[in-house]
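Asker: When you get a sec, could you give me coordinates for this:
(2 chains, ligands or ions: 2)
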Amino acid sequence: MSASFRNFVVARVLLTVPMVLILVTMVFFVMRVLPGDPIRSQLGPKVSEAQAEAIRERLGLNRPLTVQYFDFLWRMVTLDFGNALTQGERPIRDELSELLPATIELTLPAMTLTAVVGVLSGAYAAQRRKRPADYAIRVFSIVVYAIPVFFLGLMFQIIFSVRLGLFPLAGRMDALLLRDFRPVTNFYVVDAIVQGNWPALKSLLLHLVMPSVTLGLILMGPFIRLTRVNMIEALQADYITAGRARGLPERRLTYRHALRNTFIPILTLIGLQFALLLAGAVLTETTFSWPGMGRYLVKRIELRDYNAVQSVIAVFALAVGAISVMVDVLYAFVDPRVRY
Amino acid sequence: MVTTPGGGKDTLVQIRDLSVTYHTRLGPLSAVSGVSFDIRRGEILGLVGESGCGKSTLGRALMRMVAPPAEISQGQLLFDGEDIMAYDGEKMRDFRGRRVSMIFQDPLTSLNPVQRVDEHVVEAIQVHEPQTTIRVALNRARTLIQTLGIRANRLRDYPHQLSGGMRQRVMAGLGLVLNADLIVADEATTSLDVIVEAKLLDEFKRLRDEFNLTILLITHNIALVAQIADRIAVMYAGQMAEVGDVVTVFDDPCHPYTEGLLRSVPNVKLNEREVLYKMGGEPPNLTHPPMGCRFHPRCPMAMPICSAEEPALLPVVGDVEHLVHCWLHQPQTRGAEAQA
Ligand SMILES: Nc1ncnc2c1ncn2[C@@H]1O[C@H](COP(=O)(O)OP(=O)(O)OP(=O)(O)O)[C@@H](O)[C@H]1O
Ligand SMILES: [Mg+2]
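Answerer: Residues are numbered from 1 along each chain as shown, chains lettered A, B, ... in the order given. Ligands and ions are numbered 1, 2, ... in the order given. The predicted structure is shown next:
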């Protein structure tokens, strides 16, 4: 790790600060411009104006906007997001510690599926260029790109759950098992393994299949196409011809030489797709009633729970920023020519 | 028709009536048409000719490395007496690298940018000799690279970290590591400066003597051929114009094209600066080559028959080793020049 590399990482991290700031600022004000407020959205017109005012007072919503804004910023810096404004008014940190693991448990397999299957089928299409397999893969990439999440999710639910009964319809775990489940990290899969709770693990994995495959498929299109295009280019490179002249097998030339050179643009895409992954997670979680950040976000937007929404968005923004820094750092490992 | 003498024990490759066609949008392009010649064991054969005359295509065809839109449309290739046109894919793959290897013009793009030098060498060894351990392969790589004048610690470098000369040595090393019998060097030294070029060529010569290598040296640099080649083959428009011993051909070129080519080589003695000979006309369009001898439109000695019928590649009178593809030297028309 050279000094210049350290400088690069520091600069890159600092660059994400304004990005996160702009985003949460926008969310802060847009939420308050929207009609409705946390009190009316929960209690409706039943409460009197005086009662509503009292609640507003208690939640600190009657302070001047700028005070609320800087209060929120400060809380974000200390990573203490305060309490939610609706539904129990729990500390948001507690909520997140349950929701975030659920979302990660959904998105990690989805992203892995997308990257591995997307990249391999893109590479295969490139190798079989202009042959039936290539056309089939390309059509597939367009279809999964164009199809809406909820539609694909619904199809899966109808076919694999209702008709074939292979997978549970929705949720994260069987309700009966959940009752006796004592999560520690809130990464249920990890907890189940650590506790040796195999029935719970089985239930968790079965529940995970359809949502993660749905989310994975939705994101796969760009991976297939990007890999294919870059592989076609890489397969025409001189070093492939030279390798062929050295008697290297075609499979090795494709999946080792050309593919390794394709990782550079793919890495960029992983960084870019990450934001879409979160957006996809919101829709997938809603479709499959997955108790993660996405579903929580949708619910809390409806309730105009300013604090909860701001906090979730801040976490999303931090995650996107962190991933893009990581991608830039990873370049140095994937491409030996990159030196910061 | 087999006209070339030889085919005995000292012949490594026999090329017979070989044609390579590029299927272009403007119709078939005969980049190599009906070429026959031998490559003798242990010789350095210089292959020269104007840009676009088919040298690279011919060089690749020797290892059947022509891919669509190109195709070997006819001919025989005998390597050590074996018909390699009959080889199946796997046998051909093994043949490449083990029996014949190729050194390309641009050593930077011909090496995989994300692979270290030793990975290239070890890979080549292990693909052809799977029983070799990494340790043994690495030792061989080290010894070989040192023989070529590169310090062993450069083995851990990536291609972009080496100088052009070193890269080309690495390429040469990759060609030599499996003890191939024939090295096809396609403008292998063109990108190097003259001093490095001379060094590398000396290296070639030494390796030839040491390992009884056979080298097909494809180049634009006729002076270089004069310096290190044993025999020279002159191509024109996809055909072999003249083949013979270097000294004989330089002293007494029989084909008007060879003569013109030799006369257009600059002389470096500045006090004797003479006006360079410029050959008239352009090389023909190979989708529609001229009737008869392909050189006749540019030939200062053209006779009526030249535009009507194609000559054969035949020995000149008194020297069976010196072949020429010209009506001036065919038995039917010999001496016609004097009468005309
Ligand atoms: N991919 C291709 N498609 C169509 N025609 C091609 C292709 N590659 C080469 N040709 C044609 O084949 C002929 C021979 O090309 P080749 O590269 O073998 O020539 P060369 O003698 O090696 O030239 P140079 O000295 O410039 O390297 C040329 O006329 C060229 O235009
Ligand atoms: Mg060439």
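Asker: Residues contacting the helix or strand containing residue A:136, please?
Answerer: In the assignment (DSSP states H and E), residue A:136 maps to helix A:132-146. Contact with helix A:132-146 is made by A:121-122, A:124-126, A:128, A:152, A:217-218, A:220-222, A:224-225, A:228, as judged by C-beta atoms under 8 Å, 6 or more residues apart in numbering or on different chains. C-beta coordinates here come from the backbone N, C-alpha and C atoms, glycine included.
Asker: any idea of the mean pLDDT for that helix?
Answerer: Helix A:132-146 shows a mean pLDDT of 95 in the predicted model.
Asker: cool, and stretch B:234-245?
Answerer: Regarding stretch B:234-245, the rounded mean pLDDT is 91.
Asker: same deal with stretch A:36-56?
Answerer: Average pLDDT, stretch A:36-56: 81.
Asker: Ends of it, what's the gap?
Answerer: End-to-end span of stretch A:36-56 (C-alpha to C-alpha, to the nearest Å): 13 Å.
Asker: how about that stretch: buried residues?
Answerer: A:37, A:38, A:39, A:41, A:52, A:55, A:56 (16 or more other C-beta atoms under 10 Å in any protein chain shown).
Asker: Ligand 1: which of these is nearest?
Answerer: Relative to ligand 1, the closest of the buried residues of stretch A:36-56 is residue A:41; by C-beta to the nearest ligand atom it sits at 67.3 Å.
Asker: wait, doesn't that closest one sit right on residue A:306?
Answerer: No. Assessed by C-beta atoms under 8 Å, residue A:41 is found out of contact with residue A:306, at 10.9 Å.
Asker: about what we covered before: now what about whichever helix or strand comes after the helix holding residue A:136, what contacts it?
Answerer: The helix or strand immediately downstream of helix A:132-146 is helix A:149-156, counting by DSSP H and E. Residues outside helix A:149-156 that contact it (C-beta under 8 Å, 6+ apart) are A:144, A:167, A:210-211, A:213-215, A:217-218, A:280, A:283-284, A:286-288.
Asker: Tell me who's in contact with the nearest residue to residue A:174 once chain neighbours are set aside.
Answerer: Spatial nearest neighbour of residue A:174, chain neighbours left out: residue A:203 (4.6 Å); criterion: C-beta to C-beta, 6 or more residues apart in numbering or on different chains. Applying C-beta under 8 Å, 6+ apart, we find residue A:203 in contact with A:168, A:173, A:174, A:177.
Asker: nearest residue to the residue in the stretch 51-200 of chain A that ligand 1 sits nearest to other than its sequence neighbours?
Answerer: Closest approach of the stretch 51-200 of chain A to ligand 1 (C-beta to the nearest ligand atom) occurs at residue A:129, with a separation of 15.8 Å. Distances taken as C-beta to C-beta, 6+ apart put residue A:232 closest to residue A:129, at 6.1 Å, once the chain neighbours are dropped.
Asker: Next, find the distance separating that neighbour from chain B.
Answerer: Distance, residue A:232 to chain B, using C-beta to the nearest C-beta, to the nearest Å: 14 Å.
Asker: So that residue: helix, strand or coil?
Answerer: helix (DSSP: H, G, I helix; E, B strand; the rest coil).
Asker: Can you give me the neighbour number for it?
Answerer: Here the number of neighbours of residue A:232 (other C-beta atoms under 10 Å in any protein chain shown) works out to 18.
Asker: and if you look at residue B:256?
Answerer: With other C-beta under 10 Å as criterion, residue B:256 counts 22.
Asker: dump the residue contacts of it.
Answerer: By C-beta under 8 Å, 6+ apart, the residues touching residue B:256 are B:295, B:299, B:300, B:301, B:326, B:328.
Asker: To what extent is residue A:180 buried, counted in neighbours?
Answerer: 9.
Asker: typo on my end, it should be residue B:309
Answerer: Around residue B:309 there are 15 other residues, counting by other C-beta under 10 Å.
Asker: So it sits against residue B:292, correct?
Answerer: Yes. Distance between residue B:309 and residue B:292: 5.5 Å, which falls inside the contact criterion (C-beta under 8 Å).
Asker: Which among the contacts of residue B:256 count as buried?
Answerer: B:295, B:299, B:301, B:326, B:328.
Asker: thinking again about what came up before, what about dumping the CA coordinates of the helix holding residue A:136 to PDB?
Answerer: C-alpha atoms of helix A:132-146 as PDB (Å, rounded to 0.1, in the frame of the first residue of the first chain):
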ATOM      1  CA  PRO A 132     -28.500 -20.500 -31.300                       C
ATOM      2  CA  ALA A 133     -27.200 -20.500 -27.800                       C
ATOM      3  CA  ASP A 134     -26.100 -16.900 -28.200                       C
ATOM      4  CA  TYR A 135     -29.500 -15.700 -29.500                       C
ATOM      5  CA  ALA A 136     -31.300 -17.600 -26.700                       C
ATOM      6  CA  ILE A 137     -29.100 -16.000 -24.000                       C
ATOM      7  CA  ARG A 138     -29.600 -12.500 -25.600                       C
ATOM      8  CA  VAL A 139     -33.300 -12.900 -25.700                       C
ATOM      9  CA  PHE A 140     -33.300 -14.100 -22.100                       C
ATOM     10  CA  SER A 141     -31.200 -11.000 -21.100                       C
ATOM     11  CA  ILE A 142     -33.800  -8.700 -22.600                       C
ATOM     12  CA  VAL A 143     -36.800 -10.500 -21.100                       C
ATOM     13  CA  VAL A 144     -35.400 -10.400 -17.600                       C
ATOM     14  CA  TYR A 145     -34.400  -6.800 -18.000                       C
ATOM     15  CA  ALA A 146     -37.800  -5.700 -19.200                       C
END
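Asker: and that helix, which residues are buried?
Answerer: Buried-residue list, helix A:132-146, by 16+ other C-beta under 10 Å: A:134, A:137, A:138, A:140, A:141, A:144.
Asker: quick check, nearest of these to residue A:247?
Answerer: Nearest to residue A:247 among the buried residues of helix A:132-146 is residue A:134, at 26.0 Å by C-beta to C-beta.
Asker: pLDDT score assigned to whichever residue of chain B sits closest to chain A?
Answerer: Nearest residue of chain B to chain A (C-beta to the nearest C-beta) works out as residue B:97 at 3.1 Å. If you check residue B:97, the pLDDT there is 88.
Asker: Redo the contacts of residue A:203 as a markdown table? Include secondary structure.
Answerer: Output for the contacts of residue A:203, formatted as a markdown table (three-state DSSP):
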| residue | secondary structure |
| --- | --- |
| A:168 | coil |
| A:173 | coil |
| A:174 | coil |
| A:177 | helix |
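Asker: need the residues of chain B near chain A, please.
Answerer: Residues of chain B lying near chain A by C-beta under 8 Å from any C-beta of the partner chain: B:63, B:65, B:93-98, B:101-102, B:104, B:106, B:109-115, B:123-124, B:127-128, B:158, B:160, B:171, B:174.
Asker: Which of those residues fall within helices?
Answerer: B:93, B:94, B:95, B:96, B:97, B:98, B:123, B:124, B:127, B:128, B:171, B:174 (DSSP state H).
Asker: Leaving out chain neighbours, which residue sits closest to residue B:40?
Answerer: Counting by C-beta to C-beta, 6+ apart, residue B:40 lies nearest to residue B:10, which is 5.1 Å off, once chain neighbours are set aside.
Asker: thinking that neighbour is in contact with residue B:80, fair?
Answerer: No. Residue B:10 is not in contact with residue B:80 according to C-beta under 8 Å; the separation is 11.5 Å.
Asker: could the buried residues of helix A:132-146 go into JSON lines alongside distance to ligand 1?
Answerer: Below are those laid out as JSON lines (distance: C-beta to the nearest ligand atom, whole Å):
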{"residue": "A:134", "distance to ligand 1": "21"}
{"residue": "A:137", "distance to ligand 1": "26"}
{"residue": "A:138", "distance to ligand 1": "25"}
{"residue": "A:140", "distance to ligand 1": "31"}
{"residue": "A:141", "distance to ligand 1": "29"}
{"residue": "A:144", "distance to ligand 1": "35"}
